[in-house]
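# task: produce atomic coordinates for the following.
(one chain, ligands or ions: 1)
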Amino acid sequence: MTDGRLEHRPASDTEVVEMAAAAKRSRAKKKRASPRRSRARRRPFVIDFHAHVVAPEVVAFSKGHVVDTGVPDSAGVSESLKEDWKKWRQTVDLKMGDPKVRLQDMDKMGVDVQVLTPSLVHQYTYWADPETSLGMEQRANNRIAEMVAVAPDRFVGLGGVPLQHPDLAIGEMRRCLGELKLRGIEVSSHAESMELGDPKLRAFWAEAEKLGAAIYLHPAGVVQPRYGKFQLWNSVGQPLEEALAMCSLFYEGVLDAFPKLKICVAHGGGYLPFYAGRVDRNYFGKGFTRVNMTKSPSEYMRRHFWYDSCVYNADMLEFLVKKVGASRIVLGSDYPVGEPDPIGFVRRVRGLSAADKEDILGRTAAKLLGLSI
Ligand SMILES: [Zn+2]
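Numbers count the residues shown, from 1 in each chain. Below is the predicted model:
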């Protein structure tokens, strides 16, 4: 696949495996520390927490059950706009699949390590029967592990699970953190009819806490006609889903039951931190809404969640820092579709100390992921 700007084609599954094997041989031969981690390095270590990959067979399996990212055919969309979108999609597909292109982009962006997660808006299996869903998640997770093996000093991975079936989800989470050596799990904002605070998911959260898994909360996107036009599922739906998912976790008492959970919410936590006064007002004014929780929503936001920096307006990130503290925020670009200069974006935020910036750029993410940098 070519798009005129990039000469590479996506690496096939076999090539990714071969690249991983070659990388392993090369490491065994050299047996040296990565220069990226040398003490001589002066600049902050940068970890991009929000970077997606796809497994083509899982994308094909998900067709018809994910949001529409195809070429729009609505009235008024010209052929040239359709062509622009097609080229954009081809570039995105290429970057999601090819570790070589990704590494080049990371070098250009100044990113030391990317946290690879499945792109749930392209590959989503919670709708399927549990066994099939598990099989697909396993394929996707194996692919992430293979990509990590291509450059283990540049990539870490979070896996996916069939969250609609908590027992199978727990098993796959254990495999991800054990056999595959991934650092955690990505979940969508709900598991079909189950909200994240559903009692049936308690065992999953208990195990995630026990394993010390980093949890990345990233919605798969709302598949409803109301959100279909103008890509509203993306612009409006994603932050709304994040707000609902966070509410479910604290209103249902999950965060009180498992206070050591490490949950990082995509896109700066969506709308919730930016309109917290309203949910706090309900907490204080309506006693019947707070029967499963011990703190105000704002307090959960400050003490129980982490957030990525992918909010696109520097003044919004400034507000998020004021609301939850710099130590709760990690850099996230939403590679390859989001913020092209995530480091510059963080640096533009006013009022951050050098230490705050280092925390956001990499130190806090390293702690969440259990990495020494
Ligand atoms: Zn994303």
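# flag every buried residue along the longest helix anywhere in the chain.
Selection of the longest helix in the chain by residue count, based on DSSP state H, yields helix 130-150. For helix 130-150, the neighbour count (16 or more other Cβ atoms under 10 Å) marks 130, 133-134, 136-150 as buried. C-betas here are computed from N, CA, C, even on glycine.
# does V321 touch V349 like I think?
Yes - applying Cβ atoms under 8 Å as the test, V321 and V349 come out as touching, 6.7 Å apart.
# ok, which stretches of the stretch 201-350 of the chain are helices?
Applying DSSP state H, counting those that start in this stretch to the stretch 201-350 of the chain gives helices spanning 202-211, 225-228, 232, 238-251, 254-257, 276-285, 297-303, 314-324, 342-347.
# pick the most deeply packed of those.
With neighbours defined by mean count of other Cβ atoms under 10 Å, none of the helices of the stretch 201-350 of the chain is more surrounded on average than helix 238-251, at a mean of 22.
# that one - contacts with which helices or strands?
Counting by 3 or more Cβ pairs under 8 Å, 6 or more residues apart in numbering; DSSP states H and E, the packing neighbours recorded for helix 238-251 are strand 190-191, strand 194-195, strand 214-217, helix 254-257, strand 262-265, helix 297-303.
# as CSV, those with distance to F204 and mean pLDDT would be great.
Listed next are these as CSV, based on distance: least, Cβ to Cβ, whole Å; pLDDT from 0 to 100:
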stretch, distance to F204, mean pLDDT
strand 190-191, 9, 98
strand 194-195, 10, 98
strand 214-217, 10, 98
helix 254-257, 10, 98
strand 262-265, 12, 98
helix 297-303, 19, 98
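# tabulate these (JSON lines), appending distance to Y312.
JSON lines is the format used below for the helices and strands packed on helix 238-251 (distance: least, Cβ to Cβ, whole Å):
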{"stretch": "strand 190-191", "distance to Y312": "24"}
{"stretch": "strand 194-195", "distance to Y312": "27"}
{"stretch": "strand 214-217", "distance to Y312": "19"}
{"stretch": "helix 254-257", "distance to Y312": "27"}
{"stretch": "strand 262-265", "distance to Y312": "16"}
{"stretch": "helix 297-303", "distance to Y312": "20"}
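# V101 is nearest to which of these?
Closest to V101 of the helices and strands packed on helix 238-251 is strand 214-217 (Cβ to Cβ; 22.5 Å).
# and the closest one, how far out from the chain's middle?
Per Cα atoms, centre = their mean, to the nearest Å, the displacement of strand 214-217 from the mean C-alpha position of its chain is 7 Å.
# beta partners for the closest residue to V265 other than its chain neighbours?
Distances taken as Cβ to Cβ, 6 or more residues apart in numbering place L217 nearest to V265, at 4.7 Å, with adjacent residues excluded. For L217, the beta-bridge partners under DSSP bridges are V187, V265.
# for L217, give its distance to F49.
Distance, L217 to F49, using Cβ to Cβ, to the nearest Å: 12 Å.
# count the neighbours of P152 for me.
17 (other Cβ atoms under 10 Å).
# no no, P259
P259: 10 neighbours (other Cβ under 10 Å).
# same check on the one 5 residues further on?
Under the neighbour criterion other Cβ under 10 Å, C264 is assigned a count of 28.
# ok, A354 next?
The burial count for A354: 8, using other Cβ under 10 Å.
# now do it against V113, distance only.
The gap separating A354 from V113 is 20 Å, by Cβ to Cβ.
# with A213 instead?
Separation of A213 from V113 (Cβ to Cβ) stands at 18 Å.
# so who does N282 touch?
Shown in contact with N282 (Cβ atoms under 8 Å, 6 or more residues apart in numbering): T289.
# pretty sure P130 sits against P162.
Yes - judged on Cβ under 8 Å, P130 makes contact with P162 at a distance of 5.6 Å.
# appreciated, that's everything.
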